[in-house]
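> Here is my input; please provide its structure:
(one chain, ligands or ions: 1)
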Amino acid sequence: ANTGSTGIKLAEPHLEDVLSSAGINVEYTRAERNTLYYRDQDGQEVPVLDLVGGFGSLILGHNDPEIVAHARELLAAGTPIHAQFSPHPHANRVAAELNRVIHRETGDSEPYFAVFANSGAEAVEAAVKHAELDRGLRLAALAEELAAHRESAREAVAAGATVRADAFETAGTAPEDGIEGLIEAVERSNDRRLARPPLFLAPEGAFHGKLMGSVQLTHNEAFRLPFSALAAQTRFIPVDQPDALAKTVREERAVILDLVAEDGTVSLTERPFPLFCAFVLEPIQGEGGIKVIGEEFAREVQRVCREIDCPVVVDEIQSGMGRSGAFLASSLIGLRADYYTLAKSLGGGVAKTSVALIRQGRYRKEFELVHSSTFAKDGFSSQIALKTLQLLEADDGRAYRLARERGEKLLSVLELIRADFPEVVKDVRGRGLMLGIEFHDQAETTSPEIRAVAEAGFLGYVISGHLLNEHRIRVFPTGSSVNTLRMEPSIHLDDEEIERIRQALRAVCRLIRDQDGGRLVHA
Ligand SMILES: Cc1ncc(COP(=O)(O)O)c(C/N=C/c2cc(O)cc(-c3ccccn3)n2)c1O
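Got it, this is the predicted structure:
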């Protein structure tokens, strides 16, 4: 147990209490494929069907035998795990394999450079840090160009050019201040404009991690608002309103003043400057409640971001690595990325690694000299990632076909359950093995027990607790859509497991339909 000498629990004890209250605080002792095991009071192993799947980290299941065998070989061979500042052949091979797969799926051929990290949020941090470095360098180049224009205007006036009257007005100065006063006013105004902190763009429902920068890209207010003072802010775009993005961009439009001398006249024009650092989105939202981003929204994001020269970061940390039925879920909706982020299953369920992939046309080599992490691209995780990619790519992508076929089978079972219990199940959603079943809110139910947990936003966790304790199936609601149970099993999901899920969910739906709060809440 996690208690110190004082017997007090010291590792996030409150969370444990919350999990206990929902009856889901079970200590597991062994794991393989889609099964977690715990020991009952007689010490007997009890198998649990795990649909949480490490929140998407286990596309190959728990402790895949080939991954575990490879890990043993690496450790037995004394492979260098921490050999920083030396050529990292394995990380290069992972990057090369990721490029090969991405090029095959997207049809593009532009290289993506890899910046490795250790967790999903860290890969997002690396991606947005790089995007900000890139934005800063573009701003510096623009400022240099405008300074040259102001110098040309000064020379033009010295050579007799005239300044348009409205130039003084726009710059907030008077003609009697002359060209020098005008230049000074323009420089002051531009300094103010360039000092504006960057903005991010993301869809409503976004989840991109919980670190200082990434948490501001996460829509959930409980996770984000307490820390808003720490990082650049995001404008969250409704996904179901096609013109919402263009409207937000118009509202936040940022311009800079350009003093231009042309044909004996000096005039002041406005130039757009890159205020938006990046648009970050998941092709299938996980935390937001398993929401598949549509092709129309994806096209609008690409169109607007191209217009304002804002890079698109496609976060495939949960939806990637084959889970959607393709390596990249974004490739199924024609969403092209300037940056990709990958994590979770990249570590094969055994190692921790993540990566930000940056399109060559956006890549700034300076970033390599100012960003690093002790454990990033370590020799162990890189070789496990390579093995994971090889297993996913084997037999011409059999893993992706399995994800699609097994996912479609499970989704069809969920849809039949929704059809049989329309007053209990509100929606089923997802793609491949990233699925969600959303329950109607039961705040109006006649059962006092069910009404109480529903009003507390706890219905999802109570259903999870019931499924675990009555049916030995482990599943959790998504953080921001608390009535949506997320299912993310491995590609090894078999028909027997799907039948178990069907039986268990039907049993739960009957209890809810029959308002049997006693059995649902207290079992
Ligand atoms: C798209 C996307 N981008 C960045 C991240 C951040 O990755 P890390 O967690 O590795 O930092 C995630 C990681 N997802 C974490 C997650 C996803 C999820 O669906 C549930 C929970 C979670 C975790 C603990 C308790 C309850 N829920 N956590 C993600 O899904």
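> Tell me the first helix or strand C-terminal of the worst-scoring helix or strand of the chain on mean pLDDT.
Scoring the helices and strands of the chain by mean pLDDT, DSSP states H and E places helix 13-21 at the bottom, with a mean of 82. Tracing the chain past helix 13-21, the next element assigned as helix or strand by DSSP states H and E is strand 30-32.
> near the ligand, which residues of the stretch 51-200 of the chain?
Contacts of the stretch 51-200 of the chain with the ligand, taken as Cβ under 6 Å from any ligand atom, map to 55, 119, 120, 121, 124. (Each C-beta comes from the backbone N, C-alpha and C, glycine too.)
> Put together CSV for those residues, with secondary structure on each row.
Conversion of those to CSV gives the following (DSSP: H, G, I helix; E, B strand; the rest coil):
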residue, secondary structure
55, helix
119, coil
120, helix
121, helix
124, helix
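> just curious, which of these is nearest to the ligand?
Compare each of these with the ligand using Cβ to the nearest ligand atom and the shortest gap goes to residue 120, at 2.1 Å.
> which residues does the closest one contact?
Taking Cβ atoms under 8 Å, 6 or more residues apart in numbering as the definition of contact, the neighbours of residue 120 are 209, 317, 318, 341, 343, 344, 354.
> Switch those residues over to TSV; also include neighbour count and distance to the ligand.
Conversion of the contacts of residue 120 to TSV gives the following (neighbours: other Cβ atoms under 10 Å; distance: Cβ to the nearest ligand atom, whole Å):
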residue	neighbour count	distance to the ligand
209	25	4
317	28	4
318	28	3
341	31	7
343	28	5
344	27	6
354	28	7
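> and which of the residues you listed is nearest to residue 361?
Compare each of the contacts of residue 120 with residue 361 using Cβ to Cβ and the shortest gap goes to residue 341, at 17.8 Å.
> Local confidence estimate at the closest one?
As predicted, residue 341 sits at a pLDDT of 99.
> ok, and the closest non-adjacent residue to it?
Nearest residue to residue 341 in three dimensions, chain neighbours excluded: residue 123, at 4.3 Å (Cβ to Cβ, 6 or more residues apart in numbering).
> and if you look at residue 264?
Nearest to residue 264 is residue 161, by Cβ to Cβ, 6+ apart, at 4.8 Å.
> which ones are touching the one you found?
Taking Cβ under 8 Å, 6+ apart as the test, what residue 161 contacts is 153, 261, 264, 265, 266.
> now swap in residue 301 and tell me
Contact analysis of residue 301 by Cβ under 8 Å, 6+ apart lists 245, 279, 281, 312, 335.
> Flag every buried residue along the host helix or strand of the first one.
The one in question is residue 245. Per DSSP H and E: residue 245 is located in helix 244-251. Along helix 244-251, the positions that meet the burial threshold by neighbour count (16 or more other Cβ atoms under 10 Å) are 244, 245, 248, 249.
> Nearest to residue 380, out of these: which one, please.
Nearest to residue 380 among these is residue 245, at 41.6 Å by Cβ to Cβ.
> Give the burial count for the residue nearest to residue 495 when sequence neighbours are not counted, as a bare number.
Using Cβ to Cβ, 6+ apart and skipping residues adjacent in sequence, the residue nearest residue 495 is residue 409, 7.7 Å away. Neighbouring residues of residue 409 were enumerated by other Cβ atoms under 10 Å; the total is 12.
> so residue 409 sits right up against residue 498, yeah?
Yes. With contact taken as Cβ atoms under 8 Å, residue 409 and residue 498 are classed as touching, separated by 6.0 Å.
> residues in contact with residue 38?
Listed by Cβ under 8 Å, 6+ apart, the contact partners of residue 38 are 26, 27, 28, 29, 45, 46, 48.
> So which bits of the host helix or strand of it are buried?
Residue 38 is part of strand 35-39, with elements assigned from DSSP H and E. Of the residues in strand 35-39, those with enough neighbours to count as buried (16+ other Cβ under 10 Å) are 35, 36, 37, 38.
> on that earlier part again, so the residue nearest to residue 495 belongs to a helix, correct?
Yes. In this structure, residue 409 lies within a helix as judged by three-state DSSP.
> Adjust the sequence numbering to begin at 707 for everything that follows.
Let's use 707 as the start, then, which means that last one is residue 1115.
> And the strands in the stretch 707-856 of the chain, which stretches?
Secondary structure of the stretch 707-856 of the chain, counting by DSSP state E, counting those that start in this stretch: strands at 736-738, 741-745, 751-756, 818-823.
> roughly how far is stretch 940-955 from the heart of the chain?
Counting by Cα atoms, centre = their mean, to the nearest Å, stretch 940-955 is centred 18 Å from the centre of its parent chain.
> moving C-terminal of the helix or strand residue 888 falls within, what's the next helix or strand?
Residue 888 belongs to helix 884-900 when assigned by DSSP H and E. Beyond helix 884-900 in the direction of the C-terminus, DSSP H and E gives the next helix or strand as strand 905-909.
> who does that next one touch, helix- and strand-wise?
Counting contacts by 3 or more Cβ pairs under 8 Å, 6 or more residues apart in numbering; DSSP states H and E, strand 905-909 is packed against strand 939-943, helix 950-957, strand 982-987.
> Save these as CSV, and put in distance to the ligand and mean pLDDT too.
Shown next, in CSV, are the helices and strands packed on strand 905-909 (distance: least, Cβ to the nearest ligand atom, whole Å; pLDDT from 0 to 100):
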stretch, distance to the ligand, mean pLDDT
strand 939-943, 14, 98
helix 950-957, 20, 97
strand 982-987, 9, 98
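> sorry, back to before: are any of the contacts of residue 744 buried, and if so which?
Among the contacts of residue 744, the ones that count as buried by 16+ other Cβ under 10 Å are 732, 754.
> Show me which of the contacts of residue 744 is closest to residue 1070.
The shortest gap between residue 1070 and any of the contacts of residue 744 belongs to residue 734, at 43.7 Å (Cβ to Cβ).
> Please report how far that closest one lies from residue 1133.
Between residue 734 and residue 1133 the distance is 30 Å, computed by Cβ to Cβ, to the nearest Å.
> repeat for residue 939
Distance from residue 939 to residue 1133, counting by Cβ to Cβ: 31 Å.
> what does residue 1154 give?
In this view, residue 1154 and residue 1133 are 26 Å apart by Cβ to Cβ.
> Comparing the two, which residue is more hemmed in?
Set residue 1154 next to residue 1133 and count neighbours by other Cβ under 10 Å: residue 1133 wins out with 18 against 11.
> Provide the strand pairings for the helix or strand where that one lies, with the direction of each partner.
Take DSSP H and E as the rule and residue 1133 turns out to sit in strand 1131-1137. When sheet partners are counted by DSSP bridges, strand 1131-1137 sits next to strand 1140-1145 (antiparallel).
> Alpha carbons of the partner strand, in PDB - could you do that?
Taking only C-alpha atoms (Å, rounded to 0.1, in the frame of the first residue of the first chain), the coordinates of strand 1140-1145 have been written out as PDB:
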ATOM      1  CA  MET A1140     -11.900   4.100 -30.000                       C
ATOM      2  CA  LEU A1141     -15.600   3.900 -29.100                       C
ATOM      3  CA  GLY A1142     -18.000   5.500 -26.600                       C
ATOM      4  CA  ILE A1143     -21.500   4.800 -25.400                       C
ATOM      5  CA  GLU A1144     -23.300   7.800 -24.000                       C
ATOM      6  CA  PHE A1145     -26.100   7.300 -21.400                       C
END
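> average pLDDT across that strand?
So the average pLDDT for strand 1140-1145 ends up being 98.
> Residues touching it, excluding its own?
Applying Cβ under 8 Å, 6+ apart, the set of residues contacting strand 1140-1145 from outside is 762, 990, 992, 995-996, 1024-1025, 1029-1030, 1035, 1113, 1116-1117, 1120, 1123-1124, 1130-1136, 1165-1166, 1169, 1184, 1187, 1189-1194, 1211, 1218.
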